[in-house]
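[1] Take this sequence and fold it.
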Amino acid sequence: MTAKQTSLEWFKSLPENPSAQLKIEVACKLNAVIAEKRLSKKELARRLQSSRAWMSKVLRGDANLSMEALCRLAEALNCKIHIHFEEKTDDFS
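    Numbering: from 1, shown residues only. I've put the predicted structure just below:
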């Protein structure tokens, strides 16, 4: 992402691979929650009893997360997960 590019513009520029897009979306949301809660990757990894390397992979959108891993992340962040399905559109809105 360039300095002038917004997160949404960057997201829209990614390849149209649905699973890759979902990984990036999850990573973006996790990064936002972590920033909001002022947590470090190191602290989150400690809470999850996992490595900082794995945490970095998750936060880059490079990890295939299981439902169990998502639940553990939510618990470590004291958050709930909400999932919804909606009709596809031509854009990312």
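[2] and residue 72, which of the three is it?
    helix (DSSP: H, G, I helix; E, B strand; the rest coil).
[3] which secondary structure element contains the residue sitting nearest the centre point of the chain?
    Centroid-nearest residue in the chain: residue 27, 1.5 Å away (criterion: CA atoms, centre = their mean). Using DSSP states H and E, residue 27 falls within helix 18-36.
[4] ok and the helix or strand just after that helix relative to helix 18-36, angle-wise?
    Proceeding N to C from helix 18-36, the next assigned helix or strand is helix 41-48, under DSSP H and E. Angle, helix 41-48 to helix 18-36, by axes from the mean of the first three to the mean of the last three CA atoms, to 10 degrees: 100 degrees.
[5] Please export the C-alpha coordinates of helix 41-48 as PDB.
    Extracted in PDB, the C-alpha atoms of helix 41-48 (Å, rounded to 0.1, in the frame of the first residue of the first chain):
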ATOM      1  CA  LYS A  41       2.000  -8.600  18.500                       C
ATOM      2  CA  LYS A  42       4.200 -10.000  21.300                       C
ATOM      3  CA  GLU A  43       1.500  -9.600  23.900                       C
ATOM      4  CA  LEU A  44      -1.200 -11.100  21.700                       C
ATOM      5  CA  ALA A  45       1.100 -14.000  20.900                       C
ATOM      6  CA  ARG A  46       1.700 -14.500  24.600                       C
ATOM      7  CA  ARG A  47      -2.000 -14.500  25.300                       C
ATOM      8  CA  LEU A  48      -2.500 -17.100  22.600                       C
END
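[6] Buried residues in the helix or strand that that helix is followed by, which are they?
    Counting by DSSP H and E, the next helix or strand C-terminal to helix 41-48 is helix 52-60. For helix 52-60, burial by neighbour count (16 or more other CB atoms under 10 Å) applies to 55, 58-59. Using the backbone N, CA and C atoms, a C-beta is placed for each residue, glycine as well.
[7] same deal with stretch 44-52?
    Result for stretch 44-52 [16+ other CB under 10 Å]: buried residues 44-45, 47-48, 50.
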